[in-house]
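Student: Sequence below, structure please.
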Amino acid sequence: MTIVDAWYKKHAWLWLLWPLSVLFTLLARQRRARLQRAWPLEPADIPVVVVGNITVGGTGKSPFVIALVRQLQAIGLQPAVITRGYGGRAPHYPCFLDAASTVEEAGDEAIMIGRSVSCPVVVDRRRVRAIEALRRSQTCDVIISDDGLQHYAMPRALEIVMLDGERLLGNGLCLPAGPLREPAARLEEVDYVVVNGDSSDTTLASGRFGRKPTMHLRPSAWVNLRSGARVDLQSLPLAGAGRLHAFAGIGNPQRFFATVRALGYSPLCHPFPDHYRFGAQDLRFASGNTVVMTQKDAVKCESFAGPDYWYLAVEAELDADFSAHLLQDISARIAAATH
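Tutor: Numbering: from 1, shown residues only. Below is the predicted model of the structure:
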């Protein structure tokens, strides 16, 4: 019995929620139809590329967005990013991020993206309003939406769905009986389905691209939160008694912990809820020892970070053929929108 099989056996009671799952599916379909009738399919001049998911929890959307922005810039395009800014409350919307923007204003993912790319990043819970602000600013020729697949008030030219290679579609049921925000058949409609990590499942829909490209997050260095110093992956200095504490407040903390172990360390692991707003008191368990975290968590811990707080820098590595095809597709959408 695999780990996944064992999980489903242990949680078989979730099938009792199946009637609610059916109701959720019907309501989701009605909502989508209503919103799509009310809005045009895409802006006339700037195409919008949505990077989202149909499951709850983290799937690697933000690292993908960062990698896509850099690749678009490498071929001479001018992308911008819009995001909801989950967990933040800006003084005004739309909010264009700058060097002074904080997690309290924009949320952890938006700040992480803003620090990783050199392009406009706009936070607004109403993504249509963010799109209009970018159109008026004339600072971009393509807009990348971090999340928002189910934000059907937002027009889009391309849809990219991210899946976690370990969890995939879970038990295949919609909320609350399963992890799906929409039925699995939604994958047949999108342009691309990208799997974060390896997966042996060959039955999943792959979107209109015809096959499932992959993304792998490759660790590149440890970065000190206080000094910004970078050290090699195998050269992390261990303070105090040499105990290494790893914590993560992301959608899938176990993926981060497994990565730290794969680098040769034996951390004491501390999972937290996704988007958890950390305070110094939350990490007292690691006093005097080395602490490691994700970059997404690091932006929330800088104000109280000790000298031995480090985050793991990672780079998203995309399937080369897929990247070339996607860049060509986006370029064609831009050309069509401007003629």
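
Student: use CA for all of it now, contacts and neighbours both
Tutor: Will do.

Student: Would you map the strands across the protein?
Tutor: For the chain, the strands defined by DSSP state E occupy 48-52, 79-83, 95-96, 121-123, 142-146, 158-164, 192-196, 214-224, 230-231, 244-248, 268-271, 290-294, 309-318.

Student: a markdown table for the ones you listed, including mean pLDDT and distance to residue 182?
Tutor: A markdown table is the format used below for the strands of the chain (pLDDT from 0 to 100; distance: least, C-alpha to C-alpha, whole Å):
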| stretch | mean pLDDT | distance to residue 182 |
| --- | --- | --- |
| strand 48-52 | 97 | 12 |
| strand 79-83 | 98 | 20 |
| strand 95-96 | 98 | 29 |
| strand 121-123 | 98 | 25 |
| strand 142-146 | 98 | 18 |
| strand 158-164 | 96 | 12 |
| strand 192-196 | 94 | 14 |
| strand 214-224 | 97 | 22 |
| strand 230-231 | 98 | 41 |
| strand 244-248 | 97 | 27 |
| strand 268-271 | 97 | 27 |
| strand 290-294 | 98 | 28 |
| strand 309-318 | 97 | 25 |
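
Student: Mean neighbour count for those strands - can I get that in JSON lines?
Tutor: Below are those laid out as JSON lines (neighbours: other C-alpha atoms under 10 Å):
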{"stretch": "strand 48-52", "mean neighbour count": "25"}
{"stretch": "strand 79-83", "mean neighbour count": "26"}
{"stretch": "strand 95-96", "mean neighbour count": "20"}
{"stretch": "strand 121-123", "mean neighbour count": "27"}
{"stretch": "strand 142-146", "mean neighbour count": "25"}
{"stretch": "strand 158-164", "mean neighbour count": "23"}
{"stretch": "strand 192-196", "mean neighbour count": "25"}
{"stretch": "strand 214-224", "mean neighbour count": "19"}
{"stretch": "strand 230-231", "mean neighbour count": "16"}
{"stretch": "strand 244-248", "mean neighbour count": "22"}
{"stretch": "strand 268-271", "mean neighbour count": "16"}
{"stretch": "strand 290-294", "mean neighbour count": "24"}
{"stretch": "strand 309-318", "mean neighbour count": "20"}
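
Student: Switch these over to a markdown table; also include distance to residue 326.
Tutor: Putting the strands of the chain into a markdown table (distance: least, C-alpha to C-alpha, whole Å) gives the following:
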| stretch | distance to residue 326 |
| --- | --- |
| strand 48-52 | 11 |
| strand 79-83 | 14 |
| strand 95-96 | 27 |
| strand 121-123 | 21 |
| strand 142-146 | 13 |
| strand 158-164 | 10 |
| strand 192-196 | 9 |
| strand 214-224 | 13 |
| strand 230-231 | 32 |
| strand 244-248 | 31 |
| strand 268-271 | 35 |
| strand 290-294 | 28 |
| strand 309-318 | 11 |
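
Student: mind checking which of those strands is nearest residue 63?
Tutor: Between residue 63 and the strands of the chain, the shortest gap by C-alpha to C-alpha is with strand 309-318, which sits at 5.9 Å.

Student: Which strands or helices does the closest one pack on?
Tutor: The elements that strand 309-318 packs onto, with contact taken as 3 or more C-alpha pairs under 8 Å, 6 or more residues apart in numbering; DSSP states H and E, are helix 61-74, strand 214-224, strand 290-294, helix 295-298.

Student: Can you tell me which of the strands of the chain is nearest to residue 152?
Tutor: strand 48-52 (10.8 Å).
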